[in-house]
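> Everything below, folded, please.
(one chain, ligands or ions: 1)
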Amino acid sequence: MQDFTYVTAESVDEVIKLLAEKGDMARVLSGGTDLLVALREGRRKADLVVDVKRLKETTEMSYDAQQGLTLGSAVPCYRMYDDQALSKSYPGLIDAAGLIGGVQIQGRASMGGNLCNASPAADSIPALIAHSAICNVAGPNGRRQIAVEDFCIAPGRNALQNGEFLVSLQIPSPKAGFGAAYLRFIPRNEMDIAVVGVGVSVQLDESRSKIVSARISLGAVAPKPLFVPAAGEALAGKAISDAVIEEAARIAQAAAAPITDMRGTAEYRKHLVAVLTRRALQKAIERAKAS
Ligand SMILES: Cc1cc2nc3c(=O)[nH]c(=O)nc-3n(C[C@H](O)[C@H](O)[C@H](O)COP(=O)(O)OP(=O)(O)OC[C@H]3O[C@@H](n4cnc5c(N)ncnc54)[C@H](O)[C@@H]3O)c2cc1C
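Below is the predicted model of the structure:
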């Protein structure tokens, strides 16, 4: 392991100051399940590691009908699925939280860290996009918000500027008739990276027979998690049917631009996008009908 200075930050301002001083050689630590592995393997370099797990704002997990869910960037996944109310209201996020690594990893790993790591195959990102999450960012120039679909810019790179860090995620309050789901395909049952991941959400009308709006996002099929607005728009205003679901799946498939690697060929991934989009939509619709 390389040598670095470790600081437990006590305030948002302290984090910003430390990050701004050290630039690229400072790294934020949430659960550490990506960062510590990367530092050990020499894939990342750091002189300074700033632990943000002691801050009130990064460990907050609160819900109110107006603001929706405020999820601190360092909240570990297990706290999410251990919460009954959250599990019911944010099913796509809970699907993803329960898939990241295994139980030990979920005891430390956060959705904030998963997002900041900006892996194209990260499990939480398509689910966060489906749930319309907004990133609350703090930095030397104050606070700003970034829509989660604009946060990742390239493999391993995000939109944060020097001195900025992710404080929390804001996720809107679901209305009656809302449902979401995240599905991924991996070659074995656990502890693997998604070959394809699909996050979807649907808002149904009062009769629960018509789709008012939908959001569809794909993982592991492009250099960054992909939001496909056209696939959601194809469902908006339509009565629920196999044909409209199939059409949305076809649009998502066309948007995917995967590579071939040891986990699967581009062609195989394209095929999986259609299958998983269809299944995720069916699941989200089922959940929306029951909401
Ligand atoms: C055995 C194992 C299995 C895994 N399985 C999966 C899996 O199934 N699916 C999956 O998606 N991932 C998986 N991962 C990767 C990892 O666990 C997740 O990406 C996790 O969610 C990262 O969260 P963390 O809190 O540990 O992040 P950290 O490791 O603390 O941070 C990750 C990166 O984000 C930066 N960062 C963290 N917090 C902030 C912040 N608040 N502001 C700015 N930058 C920040 C760090 O500097 C670092 O570069 C696995 C890892 C291991 C070791």
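
> Name the nearest residue to the closest residue to the ligand within the chain, sequence neighbours excluded.
Proximity of the chain to the ligand (CB to the nearest ligand atom) peaks at Gly113, 2.0 Å away. Yep, even glycine has a C-beta here, placed from its N, CA and C like the rest. Excluding the flanking residues, the one nearest Gly113 by CB to CB, 6 or more residues apart in numbering is Ser30, at 3.9 Å.

> The one you found contacts Ser73, correct?
Yes - contact status for Ser30 versus Ser73: in contact at 6.2 Å, counting by CB atoms under 8 Å.

> what's Ser201 in contact with, if anything?
Contacts for Ser201 (CB atoms under 8 Å, 6 or more residues apart in numbering) come out as 92, 130-132, 178-180, 214-215, 284.

> Beta-bridge partners for it, please?
Taking DSSP bridges as the rule, Ser201 bridges to Ala180, Arg215.

> give the contact list for the residue nearest to Gly113.
Neighbouring residues of Ser30 by CB under 8 Å, 6+ apart: 52-53, 58, 73-74, 109-110, 112-113, 116.

> Any buried residues in the helix or strand harbouring Asp13, and which?
Using DSSP states H and E, Asp13 sits in helix 12-22. Within helix 12-22, the residues scored as buried using 16 or more other CB atoms under 10 Å are 12, 15-16, 18-19, 22.

> export those residues to JSON lines and tack on distance to the ligand?
Rendered in JSON lines, the data for these read as follows (distance: CB to the nearest ligand atom, whole Å):
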{"residue": "Val12", "distance to the ligand": "10"}
{"residue": "Val15", "distance to the ligand": "8"}
{"residue": "Ile16", "distance to the ligand": "11"}
{"residue": "Leu18", "distance to the ligand": "12"}
{"residue": "Leu19", "distance to the ligand": "8"}
{"residue": "Lys22", "distance to the ligand": "12"}
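
> Just the mean pLDDT for the helix holding Asp13, thanks.
Helix 12-22 carries an average pLDDT of 96.

> ok, and what's touching that helix?
Against helix 12-22 from outside (CB under 8 Å, 6+ apart): 7, 9, 26, 28, 47-48, 50, 52, 55, 57, 138-140, 162-165, 167.
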